[in-house]
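Q: just the structure for this:
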Amino acid sequence: MQVRSRIKDSISIFKLEILIASFSSSTIFPAISKPTNQIPFDHPFPHALFQLLKQRPTLPKLKQIHAQVVTQAFSRHSSIATSLIHCYLSADNINSARSLFDCYPSSLPPILVWNLMIRAYSKLQNSQESIFLFKQMLAIDGSVKFFPDKYTFTFVLTSCSHQKGTYFGEIVHGLVIKNGVESDLFVANSVINMYSVFTRMKDAHKVFNGMPERDAFSWTSLLRGYAKHGEFGIACELFNVMPVRNEVSWAVMISGFVGCERHIEALRYFHDMLCEGKVKPNEAILVCVLSACAHLGALDQGNWIHLYIDKNRIPLSTNIFTGLIDMYAKCGKIDRAIQIFKGISKRDVLNYTSMITGLSIHGLGKDAVWIFSQMLSENVMPNDITIIGVLNGCSHSGLVEEGSSIFYNMENLWGIVPKVEHYGCYIDLLSRAGFLERAFEVVKSLPMHPDIVIWRALLSACRIHRVVKLGEQVMRHIEQLDLSRHHGGKVLLSNLYASLGRWERVAEVRNLISEEKNESKPACSWIEVNGVVHEFRVADQLHPLIAIIREKLSEILKNARSGGYVANTRQVSFDLSEEEKEEAVAYHSEKLAIAFGLMSTEPGTPIQIVKNLRTCDDCHSALKAISKVYKRELIVRDRSRFHTFKDGICTCNDYW
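A: This next block holds a predicted model:
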């Protein structure tokens, strides 16, 4: 390392001493009234300092002690400087610690001090200072026998993980091997964790296999890497052979399944954990399984988890409160969500955002705006997601004026710069309300290039309102985009061409779709019956009762026609006969789920399902007729909102 000049050191120390001398009026050392430079280091006073510093004083007292160190001329003693650095770091005052480090009394701080500083910076996930200090350490004159130790490597590898520093992380791993500490448990664990973050699972597994000793963190780090990147085959194998499965390893598996939208597996692992009885769920696990219930609409299981929380007297943190609000709202029990929300004594932005989003998906836009206003009156500032939630509520309730006011004030009043997602919500608001030309003008004036999501919102509105001329303009813009990564955009474009009967263009777009790997989400619907979640996909053949379900569905659709249902085949993207088109739309996933519900539940009871995509026009029409003919309340939560069908009418008023 290029050592700073003593002149620069003296100036820095002088500035620091002037700053700290202001704290020299101390109540800790009343017996010492005048500064002196004559006290020898073996005097009892330095030992008293050490005793005080060992007690890890509060920051104000620490500054008083530091002031006495300066006034009594002990600031140049390295042992006292080291203790002060340690205390400042314990008090989370990294800047004062760094000032002492940069002005360390001896020419070269000991490895302990370097490690203290590097560790402190490694805890700051957005800071590169630990890597910078490590590079300084490596640049120290080679004539000095000074090397990083196993602790240094552990802290630096952690920083590499936070900074996604793949290249430098490989260099550090090489230095680990060069310095002969690769077999150290903590160093090897840090290397595994780093490669897992970099999605370098082969390298992580290689290090894992070469470890002479492993602990729970070794297994969990590797497990987390595979689960995070969706490699659940290997993750499950690892999990099954783990010598000890603790709450962290269970949390890794459950959160991994939730993160990859494999919610049924997440709930199954949760129940397996409870049945095993060796580990009790922590907050992270409970939040994950509440999220899984919310996504699946699994109200029975969500209720059971809530009872488990109450019965075991688990503290209701803000995350659990938020999870409960989200679960009840998405499971169709918005009144219960409101009850939970009202029971929170001190609400934060997460609680408010969850409540606003829940009201929005139920089509209760006015209530969402009211809660948003209440939030502001309590001086709780919204975040990006809050604004998206309230704008969606305005969109689904036709509150153009309220939504416009929130959108145009979000930067001035709350310091939130509109992102493409916010513009998308606002354009969707205008489009759904029929202000298509105005929405198009907003798109053309965007400060960023409009992405496929924004064009899709406008194009979808053109399809709903059947505004062909503007739809063609929008399509020309979409055709100029790179849609290689936007399968949904091509599908929507194909559907619009089909609704207009332009089969030659449908064929062209469909050819593009067929030539690429289809990574779009398949349409799925879920229904919970007697605490068991059943999944259905379009034209499903996997359910064990599928033959009976399809037969029942044919009967249902036949009866629905007597209630006014006429198959809407405009969105069928193939040039088929009308009979073939009706067959194509007959076995959509939500229809199969509803048929199963009618088979499996008592007459007159409500049926609730969840769909991962937007409900199509044909299914919407069919469910209105089914609710009328079978005198059932049908509740469907699709990607955008709740639909409650009763007596042939939907609560969305065909506005979705």
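Q: what about residue 528, how many neighbours?
A: By other C-beta atoms under 10 Å, 21 other residues sit near residue 528. C-beta: built from backbone N, CA, C; applies to glycine.
Q: cool, residue 136 as well?
A: Residue 136 has 12 neighbours, counted by other C-beta under 10 Å.
Q: and what of residue 543?
A: With other C-beta under 10 Å as criterion, residue 543 counts 17.
Q: tell me the SS of it?
A: coil (DSSP: H, G, I helix; E, B strand; the rest coil).
Q: next secondary structure element downstream of the helix or strand encompassing residue 437?
A: Following DSSP states H and E, one finds residue 437 within helix 436-444. Where DSSP H and E defines the elements, the next helix or strand beyond helix 436-444 is helix 452-465.
Q: check which element follows that next one along the chain.
A: Counting by DSSP H and E, what follows helix 452-465 is helix 468-479.
Q: helices or strands next to that next one in the packing?
A: When contacts are defined as 3 or more C-beta pairs under 8 Å, 6 or more residues apart in numbering; DSSP states H and E, helix 468-479 packs onto helix 436-444, helix 452-465, helix 487-499.
Q: go through the helix holding residue 437 and flag the buried ones.
A: 436, 439, 440, 442, 443 (16 or more other C-beta atoms under 10 Å).
Q: of those, closest to residue 160?
A: residue 443 (41.6 Å; C-beta to C-beta).
Q: list the contacts of that closest one.
A: Contact partners of residue 443, counting by C-beta atoms under 8 Å, 6 or more residues apart in numbering, are 427, 450, 454, 455, 458.
Q: list the contacts of the last one.
A: Under the criterion of C-beta under 8 Å, 6+ apart, the contact partners of residue 458 comprise 427, 431, 436, 439, 440, 443, 470, 474.
Q: the fifth one contacts residue 477, doesn't it?
A: No. Using C-beta atoms under 8 Å as the test, residue 440 is too far from residue 477 to be in contact (9.7 Å).
Q: and for residue 374, the neighbour number?
A: 14.
Q: quick revisit: nearest to residue 338, of the buried residues of helix 436-444?
A: For those, the nearest to residue 338 is residue 439 (32.2 Å; C-beta to C-beta).
Q: I figured the closest one hits residue 425, correct?
A: No. Counting by C-beta under 8 Å, residue 439 does not reach residue 425; the two are 11.5 Å apart.
Q: pLDDT weak spots in the stretch 451-600 of the chain?
A: Within the stretch 451-600 of the chain, the ranges that satisfy pLDDT under 70 run 482-493, 495-501, 503, 510, 512-521, 569-584.
Q: follow-up on the earlier one: quick one: mean pLDDT for the helix holding residue 437?
A: In this model, helix 436-444 has a mean pLDDT of 91.
Q: do stretch 397-417 as well
A: 94.
Q: would you indicate which residues of that stretch are buried?
A: Buried residues in stretch 397-417, counted by 16+ other C-beta under 10 Å: 397, 398, 399, 400, 402, 403, 404, 406, 407, 410, 416.
Q: ok, stretch 151-168 next?
A: Applying 16+ other C-beta under 10 Å to stretch 151-168 flags 151-163, 165, 168 as buried.
Q: sort the residues you listed by pLDDT and name the bottom one.
A: residue 165 (67).
Q: how about the contacts made by the residue lying closest to residue 97 once chain neighbours are set aside?
A: The spatially closest residue to residue 97, leaving aside those adjacent along the chain, is residue 88, at 3.9 Å (C-beta to C-beta, 6 or more residues apart in numbering). Counting by C-beta under 8 Å, 6+ apart, residue 88 makes contact with 62, 94, 96, 97, 100.
Q: how much space between the third one and residue 378?
A: To residue 378, residue 96 is 35 Å away according to C-beta to C-beta, to the nearest Å.
Q: ditto for the last one
A: Between residue 100 and residue 378 the distance, using C-beta to C-beta, works out to 42 Å.
Q: the more surrounded of those two?
A: Using other C-beta under 10 Å as the criterion, residue 100 and residue 378 rank with residue 100 on top: 22 against 10.
Q: quick one: the more buried one and residue 81 touch, right?
A: Yes. If you go by C-beta under 8 Å, residue 100 and residue 81 touch, sitting 5.6 Å apart.
Q: joint contacts of those two?
A: Counting by C-beta under 8 Å, 6+ apart, nothing touches both residue 100 and residue 81.
Q: per-residue pLDDT of the most centrally placed residue in the chain, please?
A: Centroid-nearest residue in the chain, with C-alpha atoms, centre = their mean: residue 259, separated by 8.4 Å. Note for residue 259: predicted pLDDT of 91.
Q: wait, isn't residue 115 in contact with residue 155?
A: Yes. Between residue 115 and residue 155 there is a contact under C-beta under 8 Å: 6.6 Å.
Q: circling back to that earlier point, identify the residues contacting the residue nearest to the centre of the chain.
A: By C-beta under 8 Å, 6+ apart, the neighbours of residue 259 are 227, 228.
Q: separation between it and residue 239?
A: 16 Å.
Q: do residue 176 as well
A: Taking C-beta to C-beta, one finds residue 176 at 28 Å from residue 239.
Q: what lies in contact with stretch 590-599?
A: 525-527, 529, 534, 536, 540, 543, 545-546, 548-550, 552-553, 556-557, 607, 609, 611, 615, 619, 622-623, 626, 630, 632, 634, 636.
Q: pull out the buried residues from it.
A: 590, 591, 592, 593, 594, 595, 596, 597, 598.
Q: among these, which are in helices?
A: Those of the buried residues of stretch 590-599 mapping onto helices are 590, 591, 592, 593, 594, 595, 596, 597, 598, per DSSP state H.
Q: nearest to residue 227 among those residues?
A: The closest of these, once distances to residue 227 are taken by C-beta to C-beta, is residue 593, at 28.6 Å.
Q: so how far is residue 255 from the closest one?
A: Relative to residue 255, and taking C-beta to C-beta, residue 593 is found at 27 Å.
Q: for residue 362, same thing?
A: Note on residue 362: its distance to residue 255, by C-beta to C-beta, is 27 Å.
Q: for residue 271, same thing?
A: 16 Å.
Q: show me the chain divided up by domain.
A: Annotated domains of the chain cover 227-346, 364-417, 418-515, 524-650 [automatic domain parsing].
Q: now those in TSV, with distance to residue 105?
A: Below are the domains of the chain laid out as TSV (distance: least, C-beta to C-beta, whole Å):
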stretch	distance to residue 105
domain 227-346	42
domain 364-417	44
domain 418-515	50
domain 524-650	64
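Q: picking up where we left off before, can you turn the buried part of the contacts of stretch 590-599 into a ChimeraX selection?
A: Per 16+ other C-beta under 10 Å, the buried members of the contacts of stretch 590-599 correspond to this ChimeraX selection:
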select :525,526,527,534,536,540,543,546,549,550,552,553,556,557,607,609,611,615,619,622,623,626,630,632,634,636
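Q: out of the contacts of stretch 590-599, which sit inside strands?
A: 525, 526, 527, 529, 534, 536, 607, 609, 611, 634, 636 (DSSP state E).
Q: now, among these, which is nearest to residue 137?
A: Looking across those and measuring by C-beta to C-beta, the closest to residue 137 is residue 526, at 54.8 Å.
Q: thought that closest one was touching residue 533?
A: Yes. Between residue 526 and residue 533 a contact is recorded at 5.5 Å, counting by C-beta under 8 Å.
Q: identify the contacts common to the two.
A: 296, 298.
Q: the closest residue to residue 382 other than its chain neighbours and residue 89: what is the separation?
A: Leaving aside its sequence neighbours, residue 382 sits nearest to residue 414 (C-beta to C-beta, 6+ apart; 5.6 Å). For residue 414, the distance to residue 89 (C-beta to C-beta) stands at 35 Å.
Q: please name whichever of the domains of the chain is nearest to residue 352.
A: domain 364-417 (4.4 Å).
Q: now the closest one, how far from the centre of its chain.
A: 21 Å (C-alpha atoms, centre = their mean, to the nearest Å).
Q: let's see the distance spanning it from one end to the other.
A: End-to-end distance for domain 364-417, by C-alpha to C-alpha, to the nearest Å: 26 Å.
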